[in-house]
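J.: Next come a sequence and a model predicted from it.
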Amino acid sequence: MAKIVVSDFLTLDGVMQAPGDPNEDRSGGFEHGGWQLPYGDDVLGKALSTTMASTGGLLLGRRTYEFFAGFWPSAPDDEFLEGDSLAAKMNSLPKYVVSRTLKEPLAWDNSRLIGDVANEVPSLRDELG
């Protein structure tokens with residue numbers, strides 16, 4: 001049975017917010033988008049590349065899926081992963097999207113809608129081994 005690993009970006013004062021784009025998520029009046037980028041270093045890069053190298057799929061909520069699907073399909077290749085680009089990895093992975101509002105077919109390659117989380121996620125764990 002596959003493990004589900006949660007990866008979040010969380011500040012020390014408890015803000016769980018997307019770290020990349022300053023305009024990515026301004027909900028609740030949050031004005032500090034992009035906060036993580038200045039703190040990236042080789043240690044973070046190695047941790048992320050190790051995690052992504054062993055990832056068998058992505059379990060995403062609707063908002064993250066929509067942001068990723070708007071970016072990764074046309075993202076430039078880079079040497080983030082040993083011998084592979086992060087864009088290539090993100091685009092090739094199966095994506096399982098939890099949403100009550102999106103409808104199939106999903107636009108981003110290898111994406112599948114998950115409607116009933118309680119029943120479908122345990123089945124995914126068995127399916128992915």
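T.: Looks like it arrived, so ask away.
J.: May I have the residues that are in contact with the closest residue to Arg62 other than its chain neighbours?
T.: Closest residue in space to Arg62, ignoring its immediate chain neighbours: Ser99 at 3.9 Å, by Cβ to Cβ, 6 or more residues apart in numbering. Every C-beta, even on glycine, is put in place using the N, C-alpha and C of the backbone. By Cβ atoms under 8 Å, 6 or more residues apart in numbering, Ser99 lies in contact with Gly61, Arg62, Tyr65, Leu113, Ile114, Gly115.
J.: For burial, what's the neighbour tally of Trp108?
T.: Applying other Cβ atoms under 10 Å, we find 19 residues neighbouring Trp108.
J.: Over to it: give its phi and psi.
T.: phi -80, psi 130 (degrees, to the nearest 10).
J.: Tell me the spacing between it and Phe71.
T.: To Phe71, Trp108 is 10 Å away according to Cβ to Cβ, to the nearest Å.
J.: what do you get for Pro38?
T.: Relative to Phe71, Pro38 is positioned 20 Å away (Cβ to Cβ).
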